[in-house]
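*Asks:* sequence first, then the predicted structure, then my questions.
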Amino acid sequence: MEKILDSIQRNSAAGRKMLAVLLDPDLLACEARTVEMLELLAVHRPDFVFVGGSHTVERSDLLIRRLKAHSNLPVLLFPGNVSQFSPEADALLNLSLLSGRNPDFLIGQHVLAAIEVKRSGIEVLPTAYLLIEGGRCSSVEYISNTRPIPRDKQQIALATAVAGELLGMQLVYLEAGSGALLPVPAELIRCVRQGCGLPLIVGGGIRSEEALETAYRAGADLVVLGNVLESEAQKIAAFVEVRRRCSESGKL
């Protein structure tokens, strides 16, 4: 079976756009919402499901088991801290918050989880995680005690992404933050895409089909949807269609 990182790299090289749905175990503690989301994902399939959040209390493995019982979608951990690790997932986004200067989220949490992660045999995706100003203080900013890169500082974002590339990271994740008022600017996405050779993930603040297509056209390989689906789960059908249309048009 092809590894998840290999599939992301292959799709990125071919210009095939990808879509991920981010599920927070806390927000899906409601049984009715969980059932609705599982039913929708079975029909309107993204490429991946991310599980996690900046401050999650519920156990990730319980949600992962339910996801796997209802579909064969790859499940990737998107951990806010070491307590959210679960060997039940298919892969781990090993996030290093390079935009900040808090050592706990640069390497500290990674040290705490390292032995358990290695023993689990889970696929690990080293990811340069960059928080971008999204119009208000996000959960990531508050919990990590770091400042985001200003929206108009494209060269700082590019230099940070390239630093991650030179350190051996395999993915770059531009994050406006959960519930961001504004998504990552197209100009910033384009700048990072043109100057960095790694597959590019973009998330935060994307609530419409137009915003999703804008991110793809600017150079995002994989876009992550979160908050919008918590209140308007039915929108997943339209978002999947945008991904299909943008993928068929090749490199945009």
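*Replies:* Arrived safely, thanks for sending. Numbering: from 1, shown residues only.

*Asks:* where does Tyr129 land on pLDDT?
*Replies:* Among the per-residue scores, Tyr129 shows a pLDDT of 98.

*Asks:* now do Lys68
*Replies:* pLDDT at Lys68 comes out at 92.

*Asks:* residues near it, how many?
*Replies:* As a burial measure, Lys68 scores 16 neighbours (other Cβ atoms under 10 Å). Placement of C-beta: from N, CA and C, glycine included.

*Asks:* how about it: what's its closest non-neighbour residue?
*Replies:* Leaving aside its sequence neighbours, Lys68 sits nearest to Val75 (Cβ to Cβ, 6 or more residues apart in numbering; 6.7 Å).

*Asks:* and that neighbour, what are its bridge partners?
*Replies:* Beta-bridge pairing for Val75 (DSSP bridges): Val49.

*Asks:* I figured Arg65 hits Pro87, correct?
*Replies:* No - judged on Cβ atoms under 8 Å, Arg65 makes no contact with Pro87 at a distance of 11.6 Å.

*Asks:* so who does the spatially most central residue of the chain touch?
*Replies:* What sits nearest the mean C-alpha location of the chain, by Cα atoms, centre = their mean, is Val224, with 5.0 Å. Taking Cβ atoms under 8 Å, 6 or more residues apart in numbering, we find Val224 in contact with 20-22, 50, 201-204, 206.

*Asks:* may I see the PyMOL selection of the buried members of those residues?
*Replies:* The command below creates a PyMOL selection of those among the contacts of Val224 that count as buried (16 or more other Cβ atoms under 10 Å):
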select buried, resi 20+21+22+50+201+202+203+204+206
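
*Asks:* and Glu133, how close does it get to Glu187?
*Replies:* Using Cβ to Cβ, to the nearest Å, Glu133 is found at 13 Å from Glu187.

*Asks:* I should have written Val51 there, sorry.
*Replies:* Separation of Val51 from Glu187 (Cβ to Cβ): 31 Å.

*Asks:* which one of these two has more residues nearby?
*Replies:* Neighbours were tallied for Val51 and for Glu187 using other Cβ under 10 Å; the higher tally belongs to Val51 (26 against 12).

*Asks:* can I get the contacts of Val224 in a markdown table with distance to Gln109 and secondary structure?
*Replies:* Listed next are the contacts of Val224 as a markdown table, based on distance: Cβ to Cβ, whole Å; DSSP: H, G, I helix; E, B strand; the rest coil:
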| residue | distance to Gln109 | secondary structure |
| --- | --- | --- |
| Ala20 | 21 | strand |
| Val21 | 24 | strand |
| Leu22 | 19 | strand |
| Phe50 | 17 | strand |
| Ile201 | 19 | strand |
| Val202 | 23 | strand |
| Gly203 | 19 | strand |
| Gly204 | 20 | coil |
| Ile206 | 26 | coil |
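
*Asks:* quick check, nearest of the contacts of Val224 to Ser247?
*Replies:* Ala20 (14.2 Å; Cβ to Cβ).

*Asks:* which residues in the protein form strands?
*Replies:* Secondary structure of the chain (DSSP state E): strands located at 18-23, 48-51, 75-77, 91-97, 123-131, 171-175, 200-203, 222-225.

*Asks:* figure out which of the ones you listed is closest to Ile156.
*Replies:* With Cβ to Cβ as the criterion, Ile156 lies closest to strand 123-131 of the strands of the chain, at 9.4 Å.

*Asks:* measure the residue nearest to Arg101 when sequence neighbours are not counted to Ser83 for me?
*Replies:* Nearest non-adjacent residue to Arg101, counting by Cβ to Cβ, 6+ apart: Thr146, 6.6 Å away. Note on Thr146: its distance to Ser83, by Cβ to Cβ, is 19 Å.
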